[in-house]
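> I'll drop the sequence and a predicted model, then ask my questions.
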Amino acid sequence: MRALLASLLLFASTASANPVFNFTFTPGTSLQAQQGFQAAAARWSSLLTDNVTINLTVGFNSLGGGILGQAASASDFHTYASVRNALAADATSASDATAVAHLPTGPSFGVLINRTADNPHGAGSATPYVDNNGGDNNQVMYIANAQAKAIGLAVAPQTLNGCIGQCDGFIQFNSDFNFDFDASNGTAANAFDFVGVAAHEIGHVLGFISGVDILDFNAPPYNGPFQADEFMFVSTLDLFRYSSESAAQGVIDWTADTRSKYFSLDGTTVGPEFSTGTLFGDGRQASHWKDDLFIGLMDPTAGMGETLHITGNDVLAMDAIGWDVAPIPEPSGWAMLGAGLLLIAARQRGRTNKLS
């Protein structure tokens with residue numbers, strides 16, 4: 001394990017010194033777990049080239065239930081105009097150029113939304129409607145601090161419940177499960193891939209989040225209904241969240257329901273699907289790829305014996321939300337990775353443990 005970690009860290013340092021991950025470990029976190037988190041961070045550092053420092057508090061303790069791990073991201077409000085301008089100034093790839101070119105150029109963006117108090121189909125109605133009136137929820141976004149750093153937005157130092165000092169994210173792992181801390185030769189059939197799950201949770205801190213989860217949890221009969229303007233929680237990833245219905249009207253899809261939602265740089269080119277919500281969607285948090293399609297590291301579940309990988313879909317999403325990415329491997333490399341995922345899919349149809 002130490003040799004594997006050393007090689008990963010060496011690759012990260014030679015390919016790019018950034019981003020730099022500063023870890024603070026909660027008391028009781030084993031050396032083995034600490035090395036696993038560092039190896040997971042090295043995977044992202046080898047793919048991203050932004051000159052930023054990300055401060056994480058991580059722990060390894062009993063969480064109960066069926067959750068393997070969970071992450072909380074320090075986030076803040078920013079105007080849409082400032083986010084778009086920052087994305088444009090930070091664009092370094094063809095994907096960035098496409099993404100920015102298809103974002104609205106004014107101070108606001110439109111959304112297809114539902115379950116709000118001011119829904120014209122009735123308060124709290126599940127029927128979607130277009131909200132493009134320039135209100136607060138069309139002009140203000142909620143951005144993970146780590147991702148805001150990557151695109152040059154000002155970030156106020158924060159702390160989170162569980163963090164030791166100031167942090168950009170807090171990650172907990174559930175020690176109730178059996179983990180394989182070195183999946184270089186495959187993941188043990190009776191264990192979960194520790195480094196892969198850690199990389200997944202770090203991916204959320206980096207900005208793979210969706211405000212649709214907030215809408216999903218704040219709609220009748222559970223809460224609310226609330227006015228549309230109160231949902232100022234669109235993430236940068238949400239700017240590339242579409243459905244056929246929203247694309248036809250030139251807006252993103254920010255609804256909580258079971259209709260298919262997909263990632264797209266331009267709104268019309270259909271990319272990988274997203275999960276659609278725990279309560280009103282497909283049963284998985286919207287801040288993930290669609291479950292059981294083995295789209296990428298940011299899938300919502302993982303199974304014993306499954307080795308988790310960062311895929312081209314994950315990298316493209318990070319590129320679109322503002323991270324600068326290292327040169328993509330030759331297409332044959334992604335094809336080999338895809339083939340590996342297909343083998344896992346055939347072997348692991350019954351994944352039930354959630355990644356948050």
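Perfect, thanks for sending it.
> centre of the chain to stretch 310-318, how far?
Offset of stretch 310-318 from its chain centre (CA atoms, centre = their mean, to the nearest Å): 10 Å.
> typo on my end, it should be stretch 263-280
Per CA atoms, centre = their mean, the displacement of stretch 263-280 from the mean C-alpha position of its chain is 13 Å.
> next, the buried residues of that stretch.
263-265, 267, 271-278, 280 (16 or more other CB atoms under 10 Å). The C-beta positions use only the backbone N, C-alpha and C, and glycine is treated the same way.
> mind checking the pLDDT average for it?
Model confidence over stretch 263-280 averages 97 on the pLDDT scale.
> show me where the stretch 151-300 of the chain has strands.
169-174, 179-180, 192-193, 241-242, 252-253, 261-263, 273-274 (DSSP state E, counting those that start in this stretch).
> of all the buried residues of stretch 263-280, which comes closest to A150?
Using CB to CB, L265 is the member of the buried residues of stretch 263-280 that lies nearest A150, at 17.6 Å.
> please list all residues in contact with that closest one.
Contact analysis of L265 by CB atoms under 8 Å, 6 or more residues apart in numbering lists S95, T98, A99, H102, F240, G271, A320.
> touching, T53 and P19? I think so.
Yes: between T53 and P19 there is a contact under CB atoms under 8 Å: 6.9 Å.
> so for those two, which sits in the more crowded spot?
In this view T53 and P19 are compared by other CB atoms under 10 Å, and P19 has more residues nearby, 22 against 13.
> residues in contact with the more buried one?
Counting by CB under 8 Å, 6+ apart, P19 has contacts W44, S45, L48, D50, N51, V52, T53, I54, A146, A150.
> name the helix or strand of this protein that has the lowest mean pLDDT.
Least confident helix or strand, the chain: helix 331-347 with a mean of 29, by mean pLDDT, DSSP states H and E.
> now intersect the contacts of P19 with the strands, please.
Among the contacts of P19, the members falling in strands (DSSP state E) are T53, I54.
> of all the contacts of P19, which two lie farthest apart?
Using CB to CB, those span at most 14.2 Å, a distance reached by W44 and N51.
> distance-wise, check A247 relative to S264.
Remark: distance between A247 and S264 (CB to CB, to the nearest Å) = 7 Å.
> equivalent analysis for V205, please.
Counting by CB to CB, the gap from V205 to S264 is 24 Å.
> now stretch 25-43: average pLDDT?
Averaging pLDDT along stretch 25-43 yields 95.
> buried sites along it?
Within stretch 25-43, the residues that count as buried by 16+ other CB under 10 Å are 25-26, 29, 33, 35-43.
> now, the residues you listed that are in strands?
When DSSP E is applied, the buried residues of stretch 25-43 are split such that F25 fall in strands.
> so which of the buried residues of stretch 25-43 belong to helices?
Taking DSSP state H as the definition of helices, those contribute A33, Q35, G36, F37, Q38, A39, A40, A41, A42, R43.
> next one, pLDDT for the residue lying closest to N218 once chain neighbours are set aside please.
Nearest residue to N218, sequence neighbours excluded (CB to CB, 6 or more residues apart in numbering): G224, at 5.0 Å. Turning to G224, the model gives it a pLDDT of 94.
> cheers, nothing more for now.
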